Structure formats: C-alpha cells, structure tokens
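>>> Task: produce atomic coordinates for the following.
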Amino acid sequence: MAKPRAILNRTKSIKNIAKITNTMYKIAAAKFKRAHDRAVAARPYTDKLTQLIGDLARAAGDDFDHPLLEVRPARRALVIGIASNRGLCGGYNTNVAKLVADSCAEIEQRGVELHVVSSGKRLITMLKHRKLKQDREITHIEDKPTFEEVDEISSEILELYAKGEVEEVFLVYTKFESASRQRAVCERVLPLETPAAEEGGASHHYIFHPTAEEILSDLLPRSVRLHVFQAFLDAAVSEQTARRMAMKNATDSAEEIIKDLTMLYNRSRQAQITTELSEIIGGAAALE
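Okay, the predicted model is just below:
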C-alpha cells in the first residue's frame, strides 16, 4: 500500500485539476448561453427566407433559371470544414475531421478534383496528420463568428462558383439540434436546391414587385451567405456544448478519484498507526 504522504500529495494534485476543470466548465457554460442565443436568433430569419424562396420559385415557374441553381457536370468540388481553434472539447474536432476525410474520399471516388478549406487550428492539424492536402487554412475566426468575417468566405465561394472554377461546394460542420444532440454533417451548399413549397401554400396570394424572378436573383446569393453563417454559428455553439460536457465529466471523474484516494489514505494511515502501536507495545513488553 502506498504511503500516506504520497497519497496525500496525489490527492492535492487531483483537487487542483478538479478546480481547473470546474472553472473551465463554468466558462464554457457561460459561453454556451451566448452562442446558443446567437444561433437560435438567426433561425427564424433562415426559416422564413427558405419559405419565401420556395414560394417565389413556385411563382416563377419551371422556366426560371439562375447560375446558382444550375447543375453542371462535376469536375471540381470545394469542401469547407469548420471546427475549433482550441481543444478540450471531447470528440468535437475528431468527428468533424473524420467526416471531412470521408467526404473527400467519396468525392475523389467520383473522379472529381478536390479542393479543401479548413477553419480551425485543431482541424488543420488533424487533416495534416491524415495526409489530406488543404488549399486554405482559416484560423482567425474564433468562437464568436461575426457575419462580416464569414461573409468574406461566402463571397469567395460565390465568386468561384460564378466563374466556373468549382461545380460543387460542401460544408462539413457540427449541426446544433439541441443541448443534448449535435451531429457532424456534410451539406451541399452549391448548386442550390429550391425548397418545395408546401401544398396549399399562400404563394398565390402574393403580388410580387418586382417580379418573382428578380427577387429570387437577389435572395439566392443571400441564402448561400446565410447558410454559411448559420453553419459557423452552429459550430460555435456545438463547440461550447462539447467542451462543457467534457469539463463536467472531467470534474466528476476527479471528484470520484478524490473520494477513492481519501479512503485509501484513511486505510493507509490506520495501518501505519496500527503498526506504530504494535511496535510501541512490543518494545514495552521487551523491557519488562
């Protein structure tokens, strides 16, 4: 059995670790609340824009054509992976890196030239470890992405697609569904698919001015920009959720270890006291 002093020193070390992980848990919980509010606040606008595009597409008819809707033979594809700059968030970054690698493998199997853009230092490192070539590395977007920061990326995506330099664009990120459920997804951003309008929808009650075609031409690029921004918001809140859970689990594990070490210390100390008493009694008996 280990000596009481060694057990006591280890217990102190575990307590210090527990203090750190508990503090990180509280910080992640506070950041989660802010990130969650930002992500949820953008959802109504996203849903309404999607619904409006569906109504406009139905009003415009099958003859409406737009470059962002054009399905072209795929020769080059762009994959954008979104993860975090920091670790200590469980399998968050690992799951995204794995899905990026799997998605890239599937695209290459179709004989399509691949271009990869990675956002997040951890993702960049993991993809390098997997020997996956990255055309661009983004590290300046932190856990509070702004629309202006993300819009730079969205503008480049739209420009590349408009010039015909890529025929497909995919986003790989962690989609936030609830505080207890987040999942890594691969979504196609371009070419766009207009959402099907619900049966009995109210589009026939709308009077469009200017025409539905002109409004769609303005809204479709906005839809792409918003989709990319929403992906970064979801990734940010998912990161804090994963880190909060990881730090809570680490704190709980440290507390369990402290309990076990305390019991071990008490047993070791009791054995030491018993040994000392035995030696005293034995010595006194020898003197008689």
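
>>> now the helices: where do they sit in the chain?
Applying DSSP state H to the chain gives helices spanning 4-60, 92-109, 121-129, 147-162, 212-287.

>>> CA atoms of the shortest one as CSV?
It refers to helix 121-129. Extracted C-alpha coordinates of helix 121-129, given in CSV (Å, rounded to 0.1, in the frame of the first residue of the first chain):
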residue,chain,number,x,y,z
LYS,A,121,-6.4,25.1,-35.8
ARG,A,122,-7.3,21.7,-34.4
LEU,A,123,-9.0,20.6,-37.7
ILE,A,124,-6.0,21.8,-39.7
THR,A,125,-3.6,19.7,-37.6
MET,A,126,-5.8,16.6,-37.7
LEU,A,127,-6.2,16.8,-41.5
LYS,A,128,-2.4,17.2,-41.9
HIS,A,129,-2.0,14.1,-39.8
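
>>> tilt between that helix and helix 212-287?
90 degrees (axes from the mean of the first three to the mean of the last three C-alpha atoms, to 10 degrees).

>>> Can you list the helices and strands that helix 121-129 packs against?
Secondary-structure packing of helix 121-129 (3 or more C-beta pairs under 8 Å, 6 or more residues apart in numbering; DSSP states H and E): strand 76-82, helix 92-109, strand 113-119. (C-beta placed from N, C-alpha, C; glycine too.)

>>> Could you export the helices of the chain to TSV, including columns for mean pLDDT, mean neighbour count and distance to V71?
Listed next are the helices of the chain as TSV, based on pLDDT from 0 to 100; neighbours: other C-beta atoms under 10 Å; distance: least, C-beta to C-beta, whole Å:
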stretch	mean pLDDT	mean neighbour count	distance to V71
helix 4-60	86	16	15
helix 92-109	93	19	16
helix 121-129	93	18	28
helix 147-162	91	16	12
helix 212-287	86	17	14
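
>>> Distance to E70 added to those, as TSV?
Shown next, in TSV, are these (distance: least, C-beta to C-beta, whole Å):
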stretch	distance to E70
helix 4-60	14
helix 92-109	19
helix 121-129	30
helix 147-162	9
helix 212-287	11
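
>>> who wins for proximity to L68 among those?
Evaluated over these, closeness to L68 peaks at helix 212-287, with 4.8 Å, by C-beta to C-beta.

>>> So V71 sits against L190, correct?
No - between V71 and L190 there is no contact under C-beta atoms under 8 Å: 9.9 Å.
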